[in-house]
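Enquirer: Here's a sequence, model it:
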Amino acid sequence: EIDNDPKNENPALHNQAVHKLAIEAKRGNAAEIERLVDTHEMFNRTKGQKPLAIDELDDTPFEYLIPGLLPKPWTLLVHADGGTGKTAMCQTVAKHIGHGKAFNVYGALVNVPVGKVLWLNGDQNERILRRQMKLIGCDKNVRVVTEWDMQWYSRFKKMQNKYAYDLVIIDSLDGCNDSNPYEENRREYALPIKKLVRRNGQDFPACSIVIIHHNTKEGKFRGTSAIKNAVDETWNMKKLSMNDAAEMGLTANSRLVSVEKSREDREGLRMIFTLLPDYSYSISPAPERTEEVRLDTPNRHTLDILQLMRNEPKPWCVKDLVDHDTVGGAHRKRAIVYSLNKLEDQKLIEEVDVPKTKSKGGRPSKFYKAVGKELPRSFTSLVRDIPRNDVYKPNNVDTGTDLNNNEFGINPNFVKTSEEDGGLYNEEVNTKPIV
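Expert: Sure thing, here's the model as predicted:
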């Protein structure tokens with residue numbers, strides 16, 4: 001009743017009403033009342049905590065705001081040092097979703113459906129935030145709430161049930177936790193995040209939630225490990241040194257993003273986010289270094305299959321991939337089926353009609369094609385194509401003034417200094433110090 005009372009829309013009045021109820025019920029404090037309400041809602045939400053069979057669990061398909069990258073329901077935490085570009089990256093992602101602008105995912109442009117974005121600000125001045133949004137072009141289908149606090153779960157639930165935002169960005173975890181009674185090294189500090197993660201798609205319409213978080217001054221993750229444990233995925237974003245950027249053939253506008261923890265089986269994945277001149281982003285796998293060991297993980301194999309299907313844009317079935325020299329093998333059939341199901345779920349491939357040349361008697365196989373428009377290779381990719389230990393020798397070289405390789409100037413007569421005169425070198429050098 002307190003949550004539904006319009007006069008309690010003000011968080012201060014809401015807290016006052018809960019505190020008054022705690023006194024009347026002779027409970028310790030308002031926090032105890034909140035815990036009782038949470039327990040009651042959890043009991044109803046879990047159908048009395050009756051054990052359920054696997055087939056009784058929620059089987060609603062995942063939607064993807066950005067295919068292969070950002071599903072919903074999902075909670076992603078992005079952490080980095082100050083000034084790395086966390087906010088700018090999230091604003092640009094919000095622009096892609098608000099405008100329905102295609103996104104470069106692993107080297108191909110994939111369509112992004114238009115969605116609604118809610119920006120919960122706790123870090124910046126309102127005027128600075130407006131200027132940033134306008135500069136990037138993040139001003140369509142985006143709504144902002146300033147001076148937000150993560151303790152206002154009931155208020156968030158009302159907003160999300162009313163407007164059903166697709167993407168919610170919290171900037172930042174520290175800035176939006178002013179009223180949290182616990183300091184960030186206590187596990188209780190993560191309780192507001194746990195609520196959002198567990199109840200996403202149940203208490204309110206499913207959405208992707210991105211939480212921006214700051215590193216310590218030493219560049220390490222800040223706060224209790226319960227923060228990382230609560231979310232679905234964590235990204236560590238880093239600036240590239242000029243040497244690393246040049247070695248990878250990248251610009252200074254690129255950032256290295258490493259997936260540290262993932263419930264989508266993406267641990268260890270390294271991605272390059274590059275800010276383009278039109279304030280849109282491209283994402284690609286980080287170039288592999290020759291001294292690094294290439295781990296044959298399920299996610300790596302899945303991306304290899306995606307790359308193959310993009311390089312050869314024809315319909316593929318399981319048998320075709322099993323027979324392939326690079327990604328195939330009879331021992332990999334189960335892994336290939338897993339990869340195709342995952343890529344289809346991520347909206348990176350789609351099922352197509354059986355090719356006429358493959359139509360035969362019996363049960364037809366399923367065929368798939370990669371989704372997205374392949375991008376032309378950029379000039380800067382040349383650096384990545386040259387093996388480290390080799391020397392790059394371009395064809396059709398103009399010898400110019402290299403006389404040793406010019407048939408018109410073989411062994412020219414140079415004027416030489418007589419060796420008897422000692423030339424410019426004289427052993428009788430005056431070694432007395434100059435005063």
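Enquirer: Would you mind listing the residues in contact with the closest residue to residue 355 other than its chain neighbours?
Expert: What sits nearest to residue 355 in space, not counting adjacent residues and going by Cβ to Cβ, 6 or more residues apart in numbering, is residue 315, at 5.3 Å. From N, CA and C alone the C-beta is placed, and that goes for glycine too. Residue 315 makes contacts with 352, 353, 354, 355, 358, 367, 368, 369, as judged by Cβ atoms under 8 Å, 6 or more residues apart in numbering.
Enquirer: then the helix or strand encompassing residue 87 to CSV, C-alphas only?
Expert: Using DSSP states H and E, the element containing residue 87 is helix 86-99. This file holds the C-alpha atoms of helix 86-99, laid out as CSV (Å, rounded to 0.1, in the frame of the first residue of the first chain):
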residue,chain,number,x,y,z
LYS,A,86,33.4,4.5,-20.1
THR,A,87,30.6,7.1,-20.2
ALA,A,88,31.3,8.0,-23.9
MET,A,89,31.2,4.3,-24.9
CYS,A,90,27.9,3.8,-23.1
GLN,A,91,26.4,7.0,-24.6
THR,A,92,27.4,5.8,-28.1
VAL,A,93,25.8,2.4,-27.5
ALA,A,94,22.7,4.2,-26.3
LYS,A,95,22.8,6.2,-29.6
HIS,A,96,22.9,3.0,-31.7
ILE,A,97,19.9,1.7,-29.9
GLY,A,98,17.9,4.9,-29.8
HIS,A,99,18.5,5.5,-33.5
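Enquirer: After that helix, which helix or strand is next?
Expert: Past helix 86-99, the next helix or strand by DSSP H and E is strand 103-105.
Enquirer: Identify the residues contacting stretch 220-227?
Expert: The contact list for stretch 220-227 (Cβ under 8 Å, 6+ apart) reads 77, 79, 173-174, 184-187, 189-190, 193, 213-216, 228, 236.
Enquirer: ditto for stretch 55-70
Expert: For stretch 55-70, using Cβ under 8 Å, 6+ apart, the contacting residues are 71-73, 76, 93, 96-97, 103, 105-106, 110-113, 115, 166-167, 201, 206, 208, 283, 343, 345-348, 371-372.
Enquirer: got the buried residues for it?
Expert: 63, 64, 65, 66, 67, 68, 69, 70 (16 or more other Cβ atoms under 10 Å).
Enquirer: and the gap between the closest residue to residue 368 other than its chain neighbours and residue 154?
Expert: Sequence neighbours aside, residue 349 is the residue nearest to residue 368 in space, at 4.6 Å (criterion: Cβ to Cβ, 6+ apart). Residue 349 is 41 Å from residue 154, where distance means Cβ to Cβ, to the nearest Å.
Enquirer: need the longest strand for this structure.
Expert: Longest among the strand segments of the chain by residue count, using DSSP state E, is strand 254-262.
Enquirer: Just confirm residue 153 contacts residue 193, I think it does.
Expert: No: counting by Cβ atoms under 8 Å, residue 193 is not a contact partner of residue 153; they are 10.6 Å apart.
Enquirer: List the residues that contact residue 262.
Expert: Neighbours of residue 262 in contact, by Cβ under 8 Å, 6+ apart: 232, 233, 234, 269.
Enquirer: again, 7 Å this time
Expert: Listed by Cβ atoms under 7 Å, 6 or more residues apart in numbering, the contact set of residue 262 reads residue 233.
Enquirer: beta partners for it?
Expert: residue 233 (DSSP bridges).
Enquirer: Got the confidence number for the closest residue to residue 102 other than its chain neighbours?
Expert: Using Cβ to Cβ, 6+ apart and skipping residues adjacent in sequence, the residue nearest residue 102 is residue 109, 4.4 Å away. With respect to pLDDT, residue 109 has a value of 90.
Enquirer: so residue 109 makes contact with residue 101?
Expert: No: counting by Cβ atoms under 7 Å, residue 109 stays clear of residue 101, with 9.6 Å between them.
Enquirer: Give the buried residues for the longest helix seen in the chain.
Expert: Secondary structure of the chain per DSSP state H: the longest helix is helix 30-45. Buried residues in helix 30-45, counted by 16+ other Cβ under 10 Å: 30, 33, 34.
Enquirer: Could you take those and lay them out as a markdown table, with extra columns for distance to residue 143 and pLDDT?
Expert: Listed next are the buried residues of helix 30-45 as a markdown table, based on distance: Cβ to Cβ, whole Å; pLDDT from 0 to 100:
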| residue | distance to residue 143 | pLDDT |
| --- | --- | --- |
| 30 | 29 | 72 |
| 33 | 31 | 77 |
| 34 | 27 | 77 |
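Enquirer: Out of these, the closest to residue 12 would be?
Expert: residue 30 (11.9 Å; Cβ to Cβ).
Enquirer: Contacts only, for the closest one.
Expert: Counting by Cβ under 7 Å, 6+ apart, residue 30 has contacts 15, 18, 19, 22.
Enquirer: From these, list the buried ones, please.
Expert: Of the contacts of residue 30, these count as buried by 16+ other Cβ under 10 Å: 15, 18, 22.
Enquirer: Which stretches in the stretch 101-250 of the chain count as helices?
Expert: 126-136, 153-163, 191-199, 225-230, 242-248 (DSSP state H, counting those that start in this stretch).
Enquirer: Would you mind finding the most buried of those?
Expert: Among the helices of the stretch 101-250 of the chain, helix 191-199 has the highest mean neighbour count (mean count of other Cβ atoms under 10 Å), at a mean of 19.
Enquirer: packing partners for that one?
Expert: helix 225-230 (3 or more Cβ pairs under 7 Å, 6 or more residues apart in numbering; DSSP states H and E).
Enquirer: gap between the helix it packs on and the chain center?
Expert: From the chain centre to the centre of helix 225-230 is a distance of 18 Å (Cα atoms, centre = their mean, to the nearest Å).
Enquirer: And stretch 101-112, by the same measure?
Expert: The answer for stretch 101-112 is 13 Å, by Cα atoms, centre = their mean.
Enquirer: that older thread, following the chain onward from the longest helix of the chain, which element is next?
Expert: strand 63-66.
Enquirer: Relative to the helix or strand following that next one, what are the paired strands and their orientations?
Expert: As assigned by DSSP H and E, the chain's next helix or strand after strand 63-66 is strand 70-72. Strand 70-72 pairs in its sheet with strand 63-66 (antiparallel), by DSSP bridges.
Enquirer: picking that back up, burial of the residue nearest to residue 102, as a residue count?
Expert: Residues near residue 109, counting by other Cβ atoms under 10 Å, number 16.
Enquirer: Just list whatever residues bridge to it.
Expert: Going by DSSP bridges, residue 109 forms beta bridges with residue 104, residue 373.
Enquirer: just checking, which of the buried ones among the contacts of residue 30 belong to helices?
Expert: Short answer: the buried ones among the contacts of residue 30 in helices (DSSP H) are 15, 18, 22.
Enquirer: how much space between the nearest residue to the first one once chain neighbours are set aside and residue 36?
Expert: The reference is to residue 15. Among residues not flanking residue 15 along the chain, residue 30 sits closest, at 6.2 Å (Cβ to Cβ, 6+ apart). Going from residue 30 to residue 36 by Cβ to Cβ gives 11 Å.
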